[in-house]
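Undergrad: Take a look and give me a structure for this.
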Amino acid sequence: MSTAIIVLVLTFIILLLLNVPVAFCMGIATILSVLVIGTEEIYRPMMFVSQQMATGIDSFALLAIPFFILSGLFMGHGGIARRLIDFANVLVGGFRGGLAFVNIFTCMLFGSISGSAAAAVSSVGGFMVPLMNKMGYHRDFNASISITAATTGLLIPPSNVMIVYALATGGAVSIAAIFMAGVIPGIMVGLGLMIVAGVIAARQKYGNEEMFKLREIIIRLVGTVVCVGVPIVLLAVKGRFGIAEDVILQAQSNTALLAGLATIKIAILVVSGVLIAAMFVVNLYLKFTGKSPETKTIAAGLLGLLFVPIIFMRGFLVARVYEADKLATMYLVLTLYSLLVIGLVIWYGRKVSWHGFVKFVQAIPALMLIVIVLGGILAGIFTATEASAIAVVYSFLLSVFLYREVKFKELPAIILQSAVTTAVVMVLVATSMAMSWVLANQNVPQNVSAFLLGLTETKWVLLLIINFMLLAVGTFMDMTPAVLIFTPIFLPIVAKFGVDPLHFGIIMIMNLCIGLCTPPVGTCLFLGCGIAETTVSKVIKHILPFFVSMVAVLLICTYLEPLSMWLPEKLGLVSAAP
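TA: As a prediction, this is how the structure comes out:
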């Protein structure tokens, strides 16, 4: 190990133990190590480090982060958490331990909308933990659920840390692909937490809430199969849900075809814009005609559901342009199928439970943010960066004009908060990139690679060792710098064993998510303990079963690569494995 690396590591650890912010730890350690390197090329260390920091954040893709942060803040202040809680309560609140399921499910939804685990703990935990305390659930059990469930939103897109990983790979992974790769692992983590919570709730006899009747359980099971199972089966049977890559490349020289695609893109944007405008026009009309807030949210929610058939119709039109008749037929079936599902939702409200229908539909406009962002990216209507800007506009309209939870006088404070958060993230990114240069200059990736390859030549053992190392890193380092520093180190190693960069990104993020729940630096852990008004020492005993579940899902996803790769491959975002 070179002197520069020794200085870098010791300085970083000492400053970290002195509670110096991580960004400054990395910046100061980098400057001192550059001074030790002292080559003719680096005759002004401060200027050189500054240049590396500026170069590190000079990326178009990083523009998505401040926009997603601002969008998440609008959602957090706009009463979205309460509506998502009501939505989750309609779906899973009537089972034994229902409030625990509601907490986990809401964190999955809110975390994905806001892109922040800390925001999920604050917004969802701040509401659910006191409610669960009141209903007889143990305080430390409630805190454990909020702490661990909040991390699922970092795996379910859109997610800021996924954007950072795509940047760290140097273009080896696209943002759209890493977004979709996290969907199945994120859902698996949430289901794992629900299983643990259900077992504990049954043993401790938690949950005296009103239980679902058999008829309601059957309706929910059938609804799940109809709404989710059928599209998944279609996706599995049909193959790719997109045009083959070679066909797309050949079409680049076809002027008429490109003109047709451009027309479709404009038409979809216009229709989507008209639909969003209709949501707010109808809302204003109902307001001035004296209708109840319940009526306004129902109208907006039902209009919001139409985004799903619009996206499927776009797929049908594109397939027709490419003369892919089978694909066009499938998209047409899905378009009609989505309209049928909307009809079933309305039937549920009229015939089964009007109260449940209202709570369900109230959350639809917020959930449509995920549909708009992911649907637009996957459909090729806009890039991830453009999608983040659209998310800001949509969340602003939703919070200010539809839900009316954010007042105009509150906007400066929200924008200032987003600026501060963005500044923190960007400083972390900048100093991480500068530190990465030092590591690369001192051949650290090559040395680590040689060391690990000397320990084992087996892929499974190597992945297990890297998992242990990333779990250790996650306990004392924030996710953003950890991704930027360790991706260039570990990615070349796993690539030699045939691990796809997309799959490794999910492995890394899952490991670091667990680190958010562990001392001494676990952000979600300390935030959740503060909200629950308890201590870390008390929570640790109750959080251990949830850790076991998260680690078990991590190992399953590590060794079953299709769990990460299947969805991106089916959507045509990556080439299918031979």
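Undergrad: Check which helix or strand residue 375 maps to.
TA: Per DSSP states H and E, residue 375 falls inside helix 364-378.
Undergrad: State the number of residues packed around residue 324.
TA: 17 (other C-beta atoms under 10 Å). No exception for glycine: its C-beta is placed from N, CA and C like everyone else's.
Undergrad: my read: residue 129 touches residue 534, true?
TA: No: checked against C-beta atoms under 8 Å, the pair residue 129 and residue 534 is beyond contact range at 9.5 Å.
Undergrad: These two: who's more crowded?
TA: Using other C-beta under 10 Å, the more surrounded residue of residue 129 and residue 534 is residue 129, with 25 against 19.
Undergrad: Report the contact partners of that one.
TA: 139, 142, 143, 146, 528, 531, 532 (C-beta atoms under 8 Å, 6 or more residues apart in numbering).
Undergrad: same deal with residue 541?
TA: Contacts of residue 541 (C-beta under 8 Å, 6+ apart): residue 140.
Undergrad: for residue 434, same thing?
TA: With C-beta under 8 Å, 6+ apart, residue 434 has these contacts: 26, 27, 30, 49, 52, 53, 56.
Undergrad: What residues of the helix or strand where it lies count as buried?
TA: Assigned by DSSP H and E, residue 434 belongs to helix 411-441. The neighbour-count check on helix 411-441 (16 or more other C-beta atoms under 10 Å) flags 414, 418, 421-422, 424-439, 441 as buried.
Undergrad: try stretch 523-541
TA: For stretch 523-541, using 16+ other C-beta under 10 Å, the buried residues are 523-529, 531-532, 534, 536, 539-540.
Undergrad: Then stretch 131-148?
TA: For stretch 131-148, the neighbour count (16+ other C-beta under 10 Å) marks 132-133, 137-148 as buried.
Undergrad: In helices, which of these fall?
TA: 132, 133, 139, 140, 141, 142, 143, 144, 145, 146, 147, 148 (DSSP state H).
Undergrad: Can you classify the closest residue to the fourth one other than its chain neighbours by secondary structure?
TA: What that stands for is residue 140. Excluding the flanking residues, the one nearest residue 140 by C-beta to C-beta, 6 or more residues apart in numbering is residue 542, at 4.3 Å. When classified by DSSP: H, G, I helix; E, B strand; the rest coil, residue 542 comes out as helix.
Undergrad: Check residue 157 too.
TA: coil.
Undergrad: What residues does residue 441 make contact with?
TA: Applying C-beta under 8 Å, 6+ apart, the residues contacting residue 441 are 4, 37.
Undergrad: Also residue 335?
TA: Contacts of residue 335 (C-beta under 8 Å, 6+ apart): 309, 312, 313, 316.
Undergrad: With residue 527 instead?
TA: 118, 121, 122, 125, 147.
Undergrad: How far does the helix holding residue 434 sit from its chain's centre?
TA: 19 Å (C-alpha atoms, centre = their mean, to the nearest Å).
Undergrad: pLDDT on the helix or strand just after it, on average?
TA: Heading C-terminal from helix 411-441, the first helix or strand you meet, by DSSP H and E, is helix 444-455. Averaging pLDDT along helix 444-455 gives 82.
Undergrad: who touches helix 444-455?
TA: 1, 5, 439, 461-462, 465-466, 488-490, 492-493, 496.
Undergrad: between these, which is closest to residue 277?
TA: residue 488 (45.6 Å; C-beta to C-beta).
Undergrad: Give me the distance between that closest one and residue 144.
TA: Relative to residue 144, residue 488 is positioned 34 Å away (C-beta to C-beta, to the nearest Å).
Undergrad: Also residue 200?
TA: 9 Å.
Undergrad: try residue 564
TA: 27 Å.
Undergrad: how distant is stretch 131-145 from the center of its chain?
TA: So, by C-alpha atoms, centre = their mean, the centroid of stretch 131-145 is 25 Å from its chain's centroid.
Undergrad: I'd like to know the average pLDDT value across that stretch.
TA: Rounded mean pLDDT across stretch 131-145 is 86.
Undergrad: What are the contacting residues of it?
TA: 99-100, 103-104, 125, 128-129, 193, 197, 200-201, 204, 206-209, 528-529, 531-534, 538-539, 541-543, 546.
Undergrad: tell me how far the ends of that stretch are from each other?
TA: Criterion C-alpha to C-alpha, to the nearest Å; first-to-last residue distance in stretch 131-145 is 13 Å.
Undergrad: for the nearest residue to residue 54 once chain neighbours are set aside, what are its contacts?
TA: Among residues not flanking residue 54 along the chain, residue 430 sits closest, at 7.3 Å (C-beta to C-beta, 6+ apart). Taking C-beta under 8 Å, 6+ apart as the criterion, residue 430 is in contact with 53, 54, 56, 57.
Undergrad: Pick the one among those closest to residue 512.
TA: Using C-beta to C-beta, the contacts of residue 430 come closest to residue 512 at residue 56, 19.3 Å.
Undergrad: Can you get me a residue count around that closest one?
TA: 21.
Undergrad: quick one: contacts for it?
TA: Residue 56 makes contact with 429, 430, 432, 433, 434, 436, according to C-beta under 8 Å, 6+ apart.
Undergrad: any chance of these in JSON lines, plus pLDDT and distance to residue 92?
TA: Formatted as JSON lines, these follow (pLDDT from 0 to 100; distance: C-beta to C-beta, whole Å):
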{"residue": "429", "pLDDT": "86", "distance to residue 92": "37"}
{"residue": "430", "pLDDT": "88", "distance to residue 92": "42"}
{"residue": "432", "pLDDT": "86", "distance to residue 92": "39"}
{"residue": "433", "pLDDT": "85", "distance to residue 92": "42"}
{"residue": "434", "pLDDT": "86", "distance to residue 92": "46"}
{"residue": "436", "pLDDT": "85", "distance to residue 92": "43"}
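Undergrad: Reformat those as a markdown table; add distance to residue 271.
TA: Formatted as a markdown table, these follow (distance: C-beta to C-beta, whole Å):
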| residue | distance to residue 271 |
| --- | --- |
| 429 | 37 |
| 430 | 41 |
| 432 | 42 |
| 433 | 41 |
| 434 | 46 |
| 436 | 44 |
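Undergrad: Tell me, how many residues neighbour residue 11?
TA: Other residues lying near residue 11 total 18 when counted by other C-beta under 10 Å.
Undergrad: which non-adjacent residue is nearest it?
TA: Distance criterion C-beta to C-beta, 6+ apart; nearest residue to residue 11, sequence neighbours excluded, is residue 29 at 4.0 Å.
Undergrad: Kindly provide the distance from the one you found to residue 439.
TA: 11 Å.
Undergrad: anything in contact with each of the two?
TA: Residues within reach of residue 29 and of residue 439 at once, by C-beta under 8 Å, 6+ apart, are residue 8.
Undergrad: coming back round to it: put the alpha carbons of the helix holding residue 375 into CSV.
TA: Taking C-alpha atoms only, helix 364-378 is exported to CSV below (Å, rounded to 0.1, in the frame of the first residue of the first chain):
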residue,chain,number,x,y,z
ILE,A,364,-54.4,7.8,-7.8
PRO,A,365,-53.2,11.3,-8.9
ALA,A,366,-50.1,10.9,-6.7
LEU,A,367,-49.4,7.4,-7.9
MET,A,368,-49.7,8.6,-11.5
LEU,A,369,-46.3,10.4,-11.0
ILE,A,370,-44.6,7.0,-11.1
VAL,A,371,-46.6,6.0,-14.2
ILE,A,372,-45.8,9.3,-15.9
VAL,A,373,-42.1,9.2,-15.1
LEU,A,374,-41.4,5.6,-15.8
GLY,A,375,-43.9,5.3,-18.6
GLY,A,376,-42.4,8.4,-20.3
ILE,A,377,-38.8,7.1,-20.0
LEU,A,378,-39.6,3.6,-21.2
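Undergrad: one step back: looking at the contacts of residue 335, which is nearest residue 327?
TA: Out of the contacts of residue 335, the member with the shortest distance to residue 327 (by C-beta to C-beta) is residue 316, at 8.5 Å.
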